[in-house]
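> no sequence on this one, just coordinates:
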């Protein structure tokens, strides 16, 4: 594994996601809070955890890579996401893959797809 690599799949069967095609990775985080309102209107809030999520998008991919991504979605089970940071340290998350979005551009020898978007959300919260 090298810095910037992203793997996705069933545990132990992850595939390396394509690094070409203008790939962008947008991490986002959802705070899970337990909140109450006191009798005087003060909001009491405790942070329970943070649920990470990612949007991985591509400007363009070719048929075989798109088919591999669709095969991952067809598993319809929690997947393992491995992200290797710039220091070469990998982190693993159990994630849900939402239905991918894409546009078919051409059907020449290899089909070309654009606007491919994968939405991944961690199954667990992290403190």
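Yep, that arrived. No experiment lies behind these values; they were computed from the predicted model shown. Numbers count the residues shown, from 1 in each chain.
> What average pLDDT does the strand ranked longest in the chain get?
For the chain, the longest strand by residue count, based on DSSP state E, is strand 43-62. The predicted model gives strand 43-62 an average pLDDT of 92.
> Which elements pack onto that strand?
Where contact means 3 or more CB pairs under 8 Å, 6 or more residues apart in numbering; DSSP states H and E, strand 43-62 is packed against strand 24-37, strand 112-122. Any C-beta I mention is one placed from the backbone N, CA and C, and that applies to glycine too.
> downstream neighbour of it in the secondary structure list?
Counting by DSSP states H and E, the next helix or strand C-terminal to strand 43-62 is helix 63-74.
> Tell me what angle that following helix forms with strand 112-122.
With axes from the mean of the first three to the mean of the last three CA atoms, to 10 degrees defining the directions, helix 63-74 sits at 30 degrees from strand 112-122.
> buried residues in helix 63-74?
Buried residues in helix 63-74, counting neighbours by 16 or more other CB atoms under 10 Å, are found at 65, 66, 68, 69, 72.
> Equivalent analysis for stretch 72-83, please.
Within stretch 72-83, the residues that qualify as buried are 72, 79, 80, 81, 82, 83, counting by 16+ other CB under 10 Å.
> Buried residues in the lowest-mean-pLDDT helix or strand in the chain, which are they?
Per-element confidence for the chain was summarised using mean pLDDT, DSSP states H and E. The lowest value among helices and strands belongs to strand 101-106, with a mean of 81. For strand 101-106, a neighbour-count test (16+ other CB under 10 Å) marks residue 102 as buried.
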